[in-house]
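Novice: fold the following.
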Amino acid sequence: MNDHSAILIDLALSEDLGSGDITARYFIPDERLARAFVTVREAGVVSGVELAARVFSQVDPQLDVEILIPDGSRVSDGARLIRIEGKARAILSAERTALNFLQRLSGVATLTARYVDLVSGTRARILDTRKTTPGYRLLEKQAVLHGGGHNHRLGLYDRAMVKDNHLVAEGGTSAIQAAIHRLKAEHPGIEVELEADTLDQVHTFLALHGVAHILLDNMSLAELRAAVTARGEHPTPLLEASGGVTLTTLRGIAETGVDFISVGALTHSAPALDIGVDFMPL
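Specialist: Prediction:
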């Protein structure tokens, strides 16, 4: 568990528990013991299992918490992810916070897996974007990995991505090339990606040195195929399709031969996976 996850758990428990679980305090005897299972109620891919287990342990370190199915597993309805035994008050107090993490992240992993399955047999790999829940970026990007996808840049610091607004602000192709040279001289490990809206831009960018990726923004299937043809057999720059990507359009985009397809919906529109906590006699 990294420091960032620990901070998020602290924040989530603080906003839910506040001064204490008033319902559990007055309606559940302190000595009442219970056994509970975190159970999946629909098929999917789970992510956040370790995080949810940590929530229970943080509320009460005396709870016996056992992970039964690890993150990244494909599960069916009824699968038991975590077993918890100990004081009923503590289990009930931790339940919603644990499920909030687990349902959200498993939803991202499950949606990612649907996209990944649909591009099977092509060279295309599914990428996430920076369209993440504030504060949850590392968790949601980990969930994308659990679903079989790949991570795009984590933030503004780990890849130079020159988009249309940047291009308007600078001074033409020569200025772009000069900026790439300066960047690579000072930060040789940072990759450069340029966004192309037209095939003319693709041809221009292919002639530049130091470009690792070209983003093909909202291009038709014919334009995507033409861009792949223009790149030819060269291993770089890698071509990333973006815009208009849905489960319906995905396969056609993948079959054009692009290397990556970035999908903002993986993180900004993933529905929560249905997961609950079932109590059993101890």
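Novice: for Lys163, what are its contacts?
Specialist: Glu195, Leu215 (Cβ atoms under 8 Å, 6 or more residues apart in numbering). Placement of C-beta: from N, CA and C, glycine included.
Novice: could you check how far it is from Leu156?
Specialist: When Cβ to Cβ, to the nearest Å is the yardstick, Lys163 and Leu156 sit 12 Å from each other.
Novice: return the set of buried residues in stretch 59-76.
Specialist: By neighbour count with 16 or more other Cβ atoms under 10 Å, stretch 59-76 contains the buried residues Val59, Asp60, Leu63, Val65, Ile69, Asp71, Gly72, Ser73, Arg74, Val75.
Novice: so what's the last one bridging to?
Specialist: Beta-bridge pairing of Val75 under DSSP bridges involves Gly44.
Novice: going forward, begin numbering at 21 instead of 1
Specialist: Happy to do that; since the first residue is 21 now, the last one works out to Val95.
Novice: of the buried residues of stretch 79-96, which pair is most distant in space?
Specialist: Asp80 and Arg94 (30.7 Å; Cβ to Cβ).
Novice: in the chain, which helix or strand is least confident?
Specialist: The weakest-scoring helix or strand in the chain, judged by mean pLDDT, DSSP states H and E, is helix 184-189 (a mean of 58).
Novice: re earlier: any chance of the buried residues of stretch 79-96 in a markdown table, plus secondary structure, distance to Ala274 and pLDDT?
Specialist: Output for the buried residues of stretch 79-96, formatted as a markdown table (DSSP: H, G, I helix; E, B strand; the rest coil; distance: Cβ to Cβ, whole Å; pLDDT from 0 to 100):
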| residue | secondary structure | distance to Ala274 | pLDDT |
| --- | --- | --- | --- |
| Val79 | helix | 44 | 98 |
| Asp80 | coil | 47 | 98 |
| Leu83 | coil | 45 | 98 |
| Val85 | strand | 41 | 98 |
| Ile89 | coil | 30 | 98 |
| Asp91 | coil | 26 | 98 |
| Gly92 | coil | 22 | 98 |
| Ser93 | coil | 25 | 98 |
| Arg94 | strand | 21 | 98 |
| Val95 | strand | 26 | 98 |
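Novice: any chance of TSV for those, columns distance to Ala163?
Specialist: Formatted as TSV, those follow (distance: Cβ to Cβ, whole Å):
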residue	distance to Ala163
Val79	23
Asp80	26
Leu83	25
Val85	21
Ile89	15
Asp91	8
Gly92	9
Ser93	13
Arg94	14
Val95	14
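Novice: which one of the residues you listed is nearest Leu33?
Specialist: Among those, and counting by Cβ to Cβ, the member closest to Leu33 is Val79, at 6.9 Å.
Novice: the closest one reaches Ala110, doesn't it?
Specialist: Yes. Checked against Cβ atoms under 8 Å, the pair Val79 and Ala110 is within contact range at 5.1 Å.
Novice: helices of the protein, start to end?
Specialist: For the chain, the helices defined by DSSP state H cover 23-37, 42-47, 69-79, 108-138, 157-166, 184-189, 193-206, 219-226, 241-251, 270-274, 285-288.
Novice: which stretch in these has the least confidence?
Specialist: Here the lowest mean pLDDT among these goes to helix 184-189, at a mean of 58.
Novice: for Leu203, which non-adjacent residue is spatially closest?
Specialist: Among residues not flanking Leu203 along the chain, Ala180 sits closest, at 5.8 Å (Cβ to Cβ, 6 or more residues apart in numbering).
Novice: now the one you found: how far from Pro301?
Specialist: From Ala180 to Pro301 the distance is 59 Å (Cβ to Cβ).
Novice: those two: which has the busier surroundings?
Specialist: Shown here are Ala180 and Pro301; by other Cβ atoms under 10 Å, Ala180 has more neighbours (22 against 6).
Novice: so what pairs up with the more buried one in the strands?
Specialist: Ala180 forms beta bridges with Val212, as assigned by DSSP bridges.
Novice: tell me who's in contact with it.
Specialist: So Ala180 contacts Leu203, Ile210, Glu211, Val212, Glu213 (Cβ under 8 Å, 6+ apart).
Novice: ranking those residues by neighbours, who comes first?
Specialist: The residue in these with the most neighbours, by other Cβ under 10 Å, is Val212 (23 neighbours).
Novice: ok, that residue touching His233?
Specialist: Yes. If you go by Cβ under 8 Å, Val212 and His233 touch, sitting 7.5 Å apart.
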